[in-house]
Structures are given as structure tokens and as C-alpha cells.
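In: fold the following, please.
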Amino acid sequence: MRTSPLTNTKAPPARLFPSIERPVRVVARDLEADELLRAHQHPWGQVTYAIDGVMQVFAKDSTWFVPPLRAIWIPANVEHEVRTLEKARLRAIYVHQDAVPINGDQCVVLEVSALMRELVMSLSEHDQAGPREDHLVAVLLDELRLAKSLPMNVVMPRDKRLKSLCLALIADPASALTLDDFAKEVGASARTLARLFEQDLGMSFGTWRQQMRLARAAPLISGGLPLSRVAAELGYTSQSAFSAMFKKTFGKSPSAFFKKS
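Out: Numbers count the residues shown, from 1 in each chain. A predicted model of the protein is given here:
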């Protein structure tokens, strides 16, 4: 990937904004690897979905790795930033506030059904108000309401010392860096750092690292990397250990989770 990411701040034209009359609009953006859509927000909800390619989304002190067959719901007025980890055909589904299919103010990763995928494709190719669009939109909103949510986010700490450690581990998930190792760099004891993890994130350092590795697995598996290589790159001692932890978290084996419907 490029060492210096591209930044893309061009806003869609006002005619593509959702309205009461046309509550769902689909905006197509084909992006190169390592492009960055800088932090922004808007007064409508958004489902960000890549037909192919993997995204990294930052919002609300969390980061998500979103592969194909998954999408992320971003509520209205939530500032977010999107980076493509590989070349991607992005589809942004704008949803008017009066038609939001998911309650709450949290971002959620969703399973994308075969029907949802075809609806998004149809709406991106069909930009004309009328009964056909109304029908497609109604079915798409139903699919979004019924979509299964998935725990694929990595919560990021607010403490600068912890954030530095977490970013280093996201960049190198197989790293064996421990709190004792990191404590020597920042001048705080491992016990202090462990306490800060619990206070800031409500979980232990070990639990955070496990969640991060599982989330980081998404772009590797969807890219076709053999599971043995994925396990090694994430720091697991064996493929079976990685697969067991993945299934415990997501309820499916890695191969089943990323199987195309």
C-alpha cells in the first residue's frame, strides 16, 4: 500500500442527499488501496458497504475492519473516517432520519445477505424516483432491520499512553509486546497500565488484544490468505487455536463466516 494515503473530501452532490420523498440514496465510490475519506459527519444515517475490498472505519473511539459480505451502520451526526485497506468498490447507503432501520447511537457491523447485496446493486444503478425505487427501498430497509450484528469493533482507549500501545499492536498484531515491555518505554508500571485498561476500556489488556486480533483477521481471511498463515500473522500458536477462538467469538468457523452466500 502507499506510504502516504490519498485523502478524499469531495462531498456528494445535494441531489443525492436523502429526503422524506426519497429516504434512501446509494452513492457509488470506487477507491484505490489506502485512500482515506477524512473525518466527517452528516445529518443522516449511513450504511457503508464494499462490494469488494476491505475498509477500516474509525468512529466513537473505536476502529472496525469491515470485509466484503459485511457492512457498517453509522448513525446520523457521528463523526467517522474511512480508509480502504485494498482497492474497493464502496457503496454508501444514505438513510433519512425518518426511516432509520437501526436504533441507538452506536455503530454496528452487519451481515450482508445475498438479497441485501442485490438491492444495493440495483439501487446504485437505478437513480430514478418512482414505484420501483420505493419498492426496492422498502425491502432494503427490512433487510437492514433484520440483519445480524457482529462484534467486529476494536475499542480504542482515550489515555495517550494506552492508545500508543494499541496502535502499535494493530499495526503488528503478532507482536509479543507485553505491558511489562511497554511500561519501560512510557515510565509507568505494568500494574498502572493494567489498571488503566480496566478503567478506560472495561476489559483487561489480554482481552483487548484478543478482540483486536480477531477483528484484524477479517481482511486477511477475505483476501484469501490460508488460515494457517492468518493464525501465524496474528500471533496464534496454531491454526486450531485461532479457529477455536474465532468460533467462540463469532459462532462460526472462519471459513463458514466468510463463505459467500
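In: off-centre distance for stretch 198-208?
Out: Distance of stretch 198-208 from the chain centroid (C-alpha atoms, centre = their mean, to the nearest Å) equals 20 Å.
In: again with stretch 75-83
Out: Relative to the chain's own centre, stretch 75-83 is displaced by 11 Å; criterion: C-alpha atoms, centre = their mean.
In: residue 81 and residue 20, how far apart?
Out: The spacing between residue 81 and residue 20, counted by C-beta to C-beta, to the nearest Å, is 29 Å. Every C-beta, even on glycine, is put in place using the N, C-alpha and C of the backbone.
In: give me the pLDDT value at residue 59.
Out: Per-residue pLDDT puts residue 59 at 91.
In: who does it form a beta bridge with?
Out: residue 62, residue 80 (DSSP bridges).
In: do the same with residue 91
Out: Counting by DSSP bridges, residue 91 forms beta bridges with residue 28, residue 49.
In: that one is in contact with residue 49, isn't it?
Out: Yes: with contact defined as C-beta atoms under 8 Å, residue 91 reaches residue 49; the gap is 4.9 Å.
In: find the residues that touch each one of the two.
Out: residue 120 (C-beta atoms under 8 Å, 6 or more residues apart in numbering).
In: of those two, who's got more company?
Out: residue 49 (25 against 21; other C-beta atoms under 10 Å).
In: what's near enough to touch the more buried one?
Out: 70-72, 90-93, 112, 120.
In: ok so, going back, looking at residue 81 and residue 20, which has the bigger crowd around it?
Out: Ranked by neighbour count (other C-beta under 10 Å), residue 81 and residue 20 place residue 81 first, with 14 against 9.
In: need phi/psi at residue 154.
Out: The phi and psi values for residue 154, taken as degrees, to the nearest 10, are phi -120, psi 110.
In: which ones are touching it?
Out: Residue 154 makes contact with 62-65, 166, 170, 208, 211-212, 215-216, according to C-beta under 8 Å, 6+ apart.
In: just the buried members of the residues you listed?
Out: 63-65, 166, 170, 208, 211-212, 215-216 (16 or more other C-beta atoms under 10 Å).
In: quick one on the thing from earlier: just the ones of the contacts of residue 154 in helices?
Out: 166, 170, 208, 211-212, 215-216 (DSSP state H).
In: of the residues you listed, just say which sits nearest to residue 35.
Out: residue 170 (18.7 Å; C-beta to C-beta).
In: residue 240 versus the closest residue to residue 247 other than its chain neighbours, what's the distance?
Out: Nearest residue to residue 247, sequence neighbours excluded (C-beta to C-beta, 6 or more residues apart in numbering): residue 253, at 5.3 Å. Going from residue 253 to residue 240 by C-beta to C-beta gives 11 Å.
In: what's the most distant pair in the contacts of residue 49?
Out: Maximum distance among the contacts of residue 49 (C-beta to C-beta): 14.8 Å, for 70 and 92.
In: what's the average pLDDT for the host helix or strand of residue 184?
Out: Using DSSP states H and E, residue 184 falls within helix 179-186. Averaging pLDDT along helix 179-186 gives 85.
In: what's the answer for stretch 14-29, then?
Out: Here the average pLDDT along stretch 14-29 is 92.
In: and stretch 234-254, by the same measure?
Out: For stretch 234-254, mean pLDDT is 87.
In: buried sites along that stretch?
Out: Going by 16+ other C-beta under 10 Å, stretch 234-254 has these buried residues: 234-236, 239, 242-243, 245-246, 249-250, 254.
In: which stretches in the stretch 151-261 of the chain count as strands?
Out: Along the stretch 151-261 of the chain, counting by DSSP state E, counting those that start in this stretch, strands occupy 153-155.
In: still on that earlier bit, from the contact counts, what lies against the helix holding residue 184?
Out: On a contact count with 3 or more C-beta pairs under 8 Å, 6 or more residues apart in numbering; DSSP states H and E, helix 179-186 meets helix 160-171, helix 190-201.
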